[in-house]
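>>> sequence-free structure coming up:
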């Protein structure tokens with residue numbers, strides 16, 4: 001689903017992955033080798049769809065290039081019953097030719113590469129390819145020297161009539177071919193294989209990848225759940241997975257976009273316990289309130305951890321302190337001010353934690369769960385006197401509150417029957433009144449102290465990295481509270 005507007009107590013378990021056990025990359029003999037061509041040049045726009053600004057690349061000392069990869073993809077059918085345990089078997093059903101793209105960003109100086117490649121399943125809910133996770137991970141990717149590749153695995157990103165790649169630049173993307181989302185899982189696998197062991201041009205220009213991680217946000221997370229449970233046991237290319245903002249339902253094997261298969265996948269499916277590699281499942285309060293992801297909660301095990309972010313929406317316009325001025329953002333024509341929780345800071349920490357887990361076996365904590373009341377209620381979450389969620393990862397905005405922050409449904413201010421709008425995913429920010437702020441914080445120093453204590457706890461527990469923690473404290477110092 002859409003990018004954020006800004007583009008922008010631990011559970012210790014025995015039996016974790018042995019240090020270095022998954023810290024390796026090898027070819028999967030069962031995976032077909034697609035042919036890679038590029039870097040792609042030309043076209044009506046002269047640059048890839050979703051390209052970064054040249055000045056931004058220069059400052060970050062990263063390069064960006066686009067490649068096409070082509071071959072024959074396989075679709076799968078269910079093999080036996082699928083239950084909520086995630087132990088899902090598939091069998092090949094048919095094949096079809098394909099040609100899609102990948103967008104690759106990497107350190108310009110190979111010496112800065114940290115050996116880890118993040119492969120993102122590009123999100124197509126807006127009927128175009130969006131790097132929804134990259135937009136939140138960008139700063140951590142750049143400062144730690146990751147390489148990143150976005151894979152256009154789904155058909156609408158290529159073929160949507162007004163918004164797909166072919167419509168955006170027919171000259172550049174006219175040769176692309178996508179046979180449908182039934183083939184998306186194998187296309188994603190072949191994209192990863194092409195990055196690691198290219199047949200044809202080399203998208204990573206010889207960088208030595210030691211760790212390969214898959215990530216996907218929202219609809220892409222729905223797909224990634226099905227990939228992990230059904231396809232990973234066949235391919236076994238990825239060393240770890242970041243599943244970000246899934247809903248109650250995993251994606252189907254045959255249907256397009258968010259449609260359901262004729263044999264629907266059971267709601268509330270878990271990540272299979274025998275996956276064999278680390279999986280970090282990152283969910284916001286909004287995912288639980290609007291997408292019913294609370295139904296998927298499962299306990300930690302040797303290969304699985306879950307983080308739940310209280311106060312965060314599925315999408316947001318982040319700021320560290322929710323006060324006015326400056327004015328709160330209304331999103332794309334939403335009725336009420338949208339959520340401001342900086343859940344991107346948790347995403348950066350999640351990437352760091354997953355990489356560490358894969359490389360040396362140090363598993364991150366299982367976060368406290370967001371407290372659930374009636375699981376069937378429209379808003380299943382238990383809330384405090386400020387209407388903020390109880391439990392979960394405690395952002396400083398909840399521990400030193402200046403507003404109600406929730407992930408509940410926002411509405412469109414002026415709805416149009418033909419317009420695409422995602423306000424229901426953006427939650428709310430409702431500032432506390434001046435009298436309440438003065439009662440909570442007799443002085444500005446009192447607010448800063450309470451806010452800073454919450455930040456320190458998050459950094460200590462690994463839910464926020466030091467650079468974001470420092471930025472949060474600086475924002476609290478600047479804020480006009482009370």
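Perfect, thanks for sending it. Since this is a predicted model, take the numbers as computed values, not measurements.
>>> in stretch 293-303, what counts as buried?
Buried residues in stretch 293-303, defined by neighbour count with 16 or more other C-beta atoms under 10 Å: 293, 294, 295, 296, 297, 298, 300, 301, 303. Placement of C-beta: from N, CA and C, glycine included.
>>> Then stretch 240-255?
Within stretch 240-255, the residues scored as buried using 16+ other C-beta under 10 Å are 240-254.
>>> List just the nearest of the buried residues of stretch 293-303 to residue 343.
Checking the buried residues of stretch 293-303 against residue 343 by C-beta to C-beta gives residue 293 as the nearest, at 13.8 Å.
>>> pretty sure the closest one contacts residue 282?
No. Assessed by C-beta atoms under 8 Å, residue 293 is found out of contact with residue 282, at 10.4 Å.
>>> quick one: the helices in the stretch 251-400 of the chain?
285-290, 343-360, 396-399 (DSSP state H, counting those that start in this stretch).
>>> Give me the number of neighbouring residues for the residue nearest to residue 466 when sequence neighbours are not counted.
In space, and not counting its chain neighbours, residue 466 is closest to residue 459: 6.0 Å by C-beta to C-beta, 6 or more residues apart in numbering. Residue 459: 19 surrounding residues under other C-beta atoms under 10 Å.
>>> who's in contact with residue 459?
Contacts of residue 459 were listed using C-beta atoms under 8 Å, 6 or more residues apart in numbering, and they are 465, 466, 469.
>>> Can you pull the phi/psi pair for the second one?
To tie it back to what came earlier, the one meant is residue 466. Dihedral angles of residue 466 (phi, psi; degrees, to the nearest 10) stand at phi -60, psi -40.
>>> What of residue 70?
When read as degrees, to the nearest 10, the backbone of residue 70 gives phi -140, psi 150.
>>> and it, what are its bridge partners?
Beta-bridge pairing for residue 70 (DSSP bridges): residue 35, residue 99.
>>> so it sits right up against residue 98, yeah?
Yes. Between residue 70 and residue 98 there is a contact under C-beta under 8 Å: 6.5 Å.
>>> residues near residue 437, how many?
18.
>>> pretty sure it is in contact with residue 480, am I right?
No. Between residue 437 and residue 480 there is no contact under C-beta under 8 Å: 9.7 Å.
>>> got the angle between the helix or strand hosting the residue nearest to residue 466 and helix 343-360?
Assessed by DSSP states H and E, residue 459 sits inside helix 444-461. Counting by axes from the mean of the first three to the mean of the last three C-alpha atoms, to 10 degrees, helix 444-461 lies at 30 degrees to helix 343-360.
>>> Against which helices or strands is the next helix or strand after helix 444-461 packed?
Later in the chain than helix 444-461, the nearest helix or strand by DSSP H and E is helix 466-478. Under the contact criterion of 3 or more C-beta pairs under 8 Å, 6 or more residues apart in numbering; DSSP states H and E, helix 466-478 touches helix 343-360, helix 444-461.
>>> so which of these is the most packed in?
Highest mean neighbour count of the helices and strands packed on helix 466-478: helix 343-360, a mean of 24 (counted as mean count of other C-beta atoms under 10 Å).
>>> for it, packing partners?
Where contact means 3+ C-beta pairs under 8 Å, 6+ apart, helix 343-360 is packed against helix 134-144, strand 211-217, strand 240-244, strand 279-284, strand 304-309, helix 466-478.
>>> Mind putting those into TSV with distance to residue 48?
Below are these laid out as TSV (distance: least, C-beta to C-beta, whole Å):
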stretch	distance to residue 48
helix 134-144	13
strand 211-217	19
strand 240-244	23
strand 279-284	27
strand 304-309	31
helix 466-478	28
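>>> I'd like those as TSV, with mean pLDDT and distance to residue 166 appended.
Output for those, formatted as TSV (pLDDT from 0 to 100; distance: least, C-beta to C-beta, whole Å):
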stretch	mean pLDDT	distance to residue 166
helix 134-144	98	23
strand 211-217	98	23
strand 240-244	98	28
strand 279-284	98	33
strand 304-309	98	37
helix 466-478	98	38
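>>> Quick one: residues contacting residue 94.
Counting by C-beta under 8 Å, 6+ apart, residue 94 touches 74, 75.
>>> name the element it belongs to?
Per DSSP H and E, residue 94 falls inside strand 90-107.
>>> Okay, buried residues for that strand please.
90, 98, 99, 100, 101, 102, 103, 104, 105, 106, 107.
>>> got the angle for it vs helix 134-144?
50 degrees.
>>> for the buried residues of stretch 293-303, which one is nearest residue 160?
Nearest to residue 160 out of the buried residues of stretch 293-303 is residue 293 (C-beta to C-beta; 26.3 Å).
>>> in this protein, which ranges drop under the pLDDT threshold?
Counting by pLDDT under 70, the chain contains low-confidence ranges at 1-29, 418-419.
>>> now the buried residues of strand 90-107 in TSV, with distance to residue 189?
Converted to TSV, the buried residues of strand 90-107 look like this (distance: C-beta to C-beta, whole Å):
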residue	distance to residue 189
90	12
98	12
99	16
100	13
101	16
102	13
103	18
104	17
105	21
106	21
107	25
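>>> Pick the one among the residues you listed closest to residue 398.
residue 105 (33.4 Å).
>>> The closest one: what's it in contact with?
Neighbour list for residue 105: 52, 62, 63, 64, 134, 141, 147, 148, 149 [criterion: C-beta under 8 Å, 6+ apart].
>>> which of these has the most neighbours?
Among the contacts of residue 105, residue 147 has the most neighbours (other C-beta under 10 Å), with 26 neighbours.
>>> Bridged to it, which residues?
Taking DSSP bridges as the rule, residue 147 bridges to residue 117.
>>> That one touches residue 113, doesn't it?
Yes. Contact criterion C-beta under 8 Å: residue 147 and residue 113 qualify, at 6.2 Å.
>>> Looking at the helices and strands packed on helix 466-478, which is nearest to residue 208?
Nearest to residue 208 among the helices and strands packed on helix 466-478 is helix 343-360; the distance by C-beta to C-beta comes to 14.5 Å.
>>> quick one: that closest one to strand 211-217, angle?
Going by the same axes, to 10 degrees, helix 343-360 makes 150 degrees with strand 211-217.
>>> Now do helix 343-360 against helix 466-478, angle only.
Helix 343-360 runs at 160 degrees relative to helix 466-478, counting by the same axes, to 10 degrees.
>>> re the thing from before, pull up the overlap in contacts between residue 70 and residue 98.
Joint contacts of residue 70 and residue 98 (C-beta under 8 Å, 6+ apart) are residue 177.
>>> and of the contacts of residue 105, the nearest to residue 314?
The closest of these to residue 314 turns out to be residue 134 (C-beta to C-beta; 16.9 Å).
>>> Please report the distance of the closest one from residue 347.
Going from residue 134 to residue 347 by C-beta to C-beta, to the nearest Å gives 10 Å.
>>> Same question for residue 197.
29 Å.
>>> One more: residue 450?
As for residue 450, its distance to residue 347 is 25 Å (criterion: C-beta to C-beta).
>>> Ok, residue 333 next?
For residue 333, the distance to residue 347 - C-beta to C-beta - is 26 Å.
>>> go on, residue 43?
As judged by C-beta to C-beta, residue 43 and residue 347 stand 31 Å apart.
>>> what does residue 130 give?
15 Å.
>>> which residue sits closest to residue 318, ignoring its sequence neighbours?
Distances taken as C-beta to C-beta, 6+ apart place residue 342 nearest to residue 318, at 3.9 Å, with adjacent residues excluded.
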